[in-house]
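K.L.:
need the 3D shape of this:
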Amino acid sequence: MSEIRRRGILLVLSSPSGAGKTTITRALAAADANLAMSVSVTTRPAREGEVDGRHYHFIAPQRFTEMVAADELLEHAVVFGHSYGTPRAPVMAALEAGRDIISDVDWQGTQQLAEKLQRDLVSVFILPPSLAALEDRLKRRAQDSAEVVAGRMASSADEMSHWPEYDYVILNRGFEESVRQVQSILVAERVRRERQVGLAEFVNRLRSGA
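P.N.:
Reported below is the predicted structural model:
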């Protein structure tokens, strides 16, 4: 009988800084054996507790420029003065092997991914319940200076204006519920007709009685 294989999915979560995309992304990857984190490259310094190669690949600006020139990145953007990008090779290898990749990138990166990987991309935008809740989260995580927090808040309105460009939009009223909602999206997307390689051949064999 013909084998049905599934092509992998690139699941992308975006949100304003502090709305929960990174926390949700890591929880989803930890709970699903077939969902691996895409490890981005960045020129920003590591924050406390971050591990090179696990949370990000921390590289020099010159190396980042070289990767862009060599087309080694599926997407790249400058966010709050630092460059970020998604390495091409590991993502493409995973998709071809039927493994799913999850990544948290901003709207700029999502637009680039949509141009290059339209059939493989599933995009989700995470909204905060309110601006007050967003600011409170940024302050409580204590990773940035007051000046940086103010800058992130100032850019949040522009970031949220891109919600119509996404396949799905989730209002992050609670962490556990948001995780469940994205898991439901992933379950449905995995069985989309176009992701099942060899499905037509399989159905034809069934119809012929083979």
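K.L.:
can you tell me the strand partners of the one helix or strand Gly85 maps to and which way each runs?
P.N.:
Take DSSP states H and E as the rule and Gly85 turns out to sit in strand 82-87. Applying DSSP bridges to the sheet, strand 82-87 is found paired with strand 41-42 (antiparallel), strand 73-79 (antiparallel).
K.L.:
reformat the ones you listed as JSON lines; add mean neighbour count, distance to Leu127 and mean pLDDT.
P.N.:
In short, each C-beta sits where N, CA and C put it, glycine included. Formatted as JSON lines, the strands paired with strand 82-87 follow (neighbours: other Cβ atoms under 10 Å; distance: least, Cβ to Cβ, whole Å; pLDDT from 0 to 100):
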{"stretch": "strand 41-42", "mean neighbour count": "20", "distance to Leu127": "24", "mean pLDDT": "96"}
{"stretch": "strand 73-79", "mean neighbour count": "19", "distance to Leu127": "19", "mean pLDDT": "92"}
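K.L.:
now tabulate these in TSV and tack on distance to Glu48.
P.N.:
Below are the strands paired with strand 82-87 laid out as TSV (distance: least, Cβ to Cβ, whole Å):
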stretch	distance to Glu48
strand 41-42	15
strand 73-79	19
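K.L.:
closest one to His55 among the ones you listed?
P.N.:
His55 lies closest to strand 41-42 among the strands paired with strand 82-87, at 9.3 Å (Cβ to Cβ).
K.L.:
residues in contact with the closest residue to Glu72 other than its chain neighbours?
P.N.:
Excluding the flanking residues, the one nearest Glu72 by Cβ to Cβ, 6 or more residues apart in numbering is Arg88, at 5.6 Å. Residues in contact with Arg88 (Cβ atoms under 8 Å, 6 or more residues apart in numbering) are Asp71, Glu72, Leu73, Leu74.
K.L.:
of all the residues in stretch 51-68, which ones are buried?
P.N.:
Using 16 or more other Cβ atoms under 10 Å as the test for burial, stretch 51-68 gives His55, Tyr56, His57, Ile59, Phe64, Met67.
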